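A.B. asks: The following block contains a protein sequence and its predicted model.
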Amino acid sequence: MREIETSIMRVDATKPDTGRISEAANFIRRGGVVVFPTDTVYGIGANAFDDAACRRIFEIKGRPADNPLIVHVHSVEQASELAHIDGKYLKKIRRIWPSPITFIAKAKAKFPASVTAGLGTVAIRMPAHPVALALIKSAGVPIAAPSANPSQKPTATTGLQSIRYFDGKADCIIDSGSSFFGIESTIIDLRTFTVLRPGPFTPEEIEKAFSIKPRVGRVASGTASARGAVISPGTKYRHYAPETPMFIFEGEERQLKNIVEGINAAFAIIGSSELCSRSERLGYSTISLGSRKDIYGIAKNLYSAIILLDSLKVKFGIVEAFDESGIGLAIMNRLRKASSNKSFSTKKGLLKLLSEQSL
Ligand code: TXA
Ligand code: MG
């Protein structure tokens, strides 16, 4: 792909500079591609009604054409112009937006096929990030944006990571430091009230906000992979993966020392600071996600840790399994995808994984 000159701008996350925002919005209006921060992760966006601009996002990311985009709006009113959202849901959505939750509903507006993959539905969300909201408002059009990562790679959660991925490819990159949550939004299909992708807005919180218990399928937890015709096309692709093979440790923590004893291939342990400090004392390389008492902190550090694994030049990574309640469900969903669902709890299990990978 031909390299272009990218306009990179620093914008304060809480008090966005209006001049810079309108400069970035100009790129959107003129059919450009802009990388911008949201509450969850960075997004790579374009005017949702501009087919050519949206197709450029696919080209830059190397994204399969059958994987539709999320349309970002700045208000509930804008969302209801774009999608048929049932009045009974609209009232509740007004109460919880902006927040890290995306709704799938029948499309009302005529979106290009690149945005909806011709599904007849559209995914809509209002991000809780001052920069994203200012950008959408200033652009005057909804912004279609997938997560800011080359297809299959871990998503950028910082401006710096976005620059590493997209300098020379996107027209503009807004650097506002770290995203707030570090994990992509929860996606719920309003037609069946099913969580298609778990995220920071937890099933427990959805039930509280809507007084309806959402369905959560095995695909959402990451234990089953979707194939062929699926409701959310993104769920069938490998995702978030480092180059280095990564395995989830689901066994007992005090057994880990015995399990890895005598393994010749170099490895690193990704986990809570509690597990990491114990592992460091045993002489192992570690990447800490922060204390397990702060599960939101673990989510926030997850993708940077996975990206870091590749720079350590080890043969494989071992990642700690977390409890699947609350945002833990989203963490485990991403870890299962990043590890191609490979886990172990015993020495025999680990040896089997290593021999499969010829390690
Ligand atoms: O937090 C987020 O949601 C971030 C930020 C940038 O907003 N965006 C994001 O987009 O994660 P992406 O493209 O990486 O993931 C969107 C997911 C994909 O799995 C896609 O298949 C699904 O949403 N999706 C989009 N439109 C859909 C539709 N009409 N029906 C079902 N699934 C849809
Ligand atoms: Mg993505």
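C.D. replies: Good, I have the coordinates. Ligands and ions are numbered 1, 2, ... in the order given.

A.B. asks: quick one: low-confidence ranges for the protein?
C.D. replies: Applying pLDDT under 70 to the chain flags residues 219-238.

A.B. asks: can you list the residues of it near ligand 1?
C.D. replies: 38, 40-41, 43, 67-70, 102, 104, 116, 119, 121-123, 125, 127, 145-147, 184-185, 187, 197, 231-235 (Cβ under 6 Å from any ligand atom). For glycine as for every other residue, the C-beta is placed from the backbone atoms N, C-alpha and C.

A.B. asks: Do a quick rundown of the strands in the stretch 101-250 of the chain.
C.D. replies: According to DSSP state E, counting those that start in this stretch, the stretch 101-250 of the chain carries its strands in the segments 101-107, 121-125, 143-144, 172-175, 186-189, 194-197, 215-216, 246-249.

A.B. asks: okay, now Ala140: neighbour count?
C.D. replies: That one is not Ala; residue 140 is Gly. Gly140: 11 surrounding residues under other Cβ atoms under 10 Å.

A.B. asks: That one contacts Arg29, doesn't it?
C.D. replies: Yes: the pair Gly140 / Arg29 is scored as a contact, 7.0 Å apart, by Cβ atoms under 8 Å.

A.B. asks: residues in contact with the helix or strand containing Ser277?
C.D. replies: Using DSSP states H and E, Ser277 sits within helix 273-281. Residues from elsewhere that reach helix 273-281, judged by Cβ atoms under 8 Å, 6 or more residues apart in numbering: Glu253, Leu256, Ile269, Gly271, Thr286, Ile287, Ser288, Leu289, Gly290, Ser291, Arg292, Glu320.

A.B. asks: Mind checking which of those residues land in strands?
C.D. replies: Using DSSP state E, the members of the contacts of helix 273-281 that fall in strands are Ile269, Gly271, Thr286, Ile287, Ser288, Glu320.

A.B. asks: Neighbour-wise, which one of those residues leads?
C.D. replies: Ranked by neighbour count (other Cβ under 10 Å), the ones in strands among the contacts of helix 273-281 have Gly271 at the top, with 25 neighbours.

A.B. asks: Who does that one form a beta bridge with?
C.D. replies: Note on Gly271: beta-bridge partners by DSSP bridges are Ser288.

A.B. asks: Could you pull up the residues touching it?
C.D. replies: So Gly271 contacts Phe249, Ser279, Thr286, Ile287, Ser288, Leu289, Ile318, Val319, Glu320 (Cβ under 8 Å, 6+ apart).

A.B. asks: Quick check: closest non-adjacent residue to the third one.
C.D. replies: Distances taken as Cβ to Cβ, 6 or more residues apart in numbering place Cys276 nearest to Thr286, at 4.0 Å, with adjacent residues excluded.

A.B. asks: now the helices for the stretch 251-359 of the chain?
C.D. replies: With DSSP state H, counting those that start in this stretch, the ranges of helices along the stretch 251-359 of the chain come out as 256-260, 273-281, 295-311, 328-338, 347-356.

A.B. asks: so which of those helices is the most packed in?
C.D. replies: Across the helices of the stretch 251-359 of the chain, averaging neighbours per residue (mean count of other Cβ atoms under 10 Å) puts helix 328-338 on top, at a mean of 23.

A.B. asks: Run through who's touching that helix.
C.D. replies: 154, 183, 186, 197-200, 202-203, 216, 220-223, 238-242, 246, 248, 295, 298-299, 302-303, 306, 319, 321-322, 324, 343.

A.B. asks: One more: stretch 43-50?
C.D. replies: 28-29, 31-37, 53-54, 56-57, 60-61, 69-72, 109, 111-112, 115, 132, 139, 141-148, 166, 170.

A.B. asks: Show me those that map onto helices.
C.D. replies: Ile28, Arg29, Ala53, Cys54, Arg56, Ile57, Ile60, Lys61, Val115, Ala132, Ala139, Phe166 (DSSP state H).

A.B. asks: mind checking how far the second one is from Pro150?
C.D. replies: In other words, Arg29. Here Arg29 is placed at a distance of 26 Å from Pro150 (Cβ to Cβ, to the nearest Å).

A.B. asks: Same check on the third one?
C.D. replies: Going from Ala53 to Pro150 by Cβ to Cβ gives 18 Å.

A.B. asks: Which of the two has more residues huddled nearby?
C.D. replies: Ala53 (24 against 16).

A.B. asks: Using the three-state scheme, assign the nearest residue to the more buried one once chain neighbours are set aside.
C.D. replies: Using Cβ to Cβ, 6+ apart and skipping the chain neighbours, the partner closest in space to Ala53 is Ala46 (3.7 Å). Here Ala46 is strand, with the state taken from DSSP: H, G, I helix; E, B strand; the rest coil.

A.B. asks: and the closest residue to Leu312 other than its chain neighbours, how many neighbours does it have?
C.D. replies: Distances taken as Cβ to Cβ, 6+ apart put Ala268 closest to Leu312, at 5.2 Å, once the chain neighbours are dropped. Neighbour count for Ala268, taken as other Cβ under 10 Å: 24.
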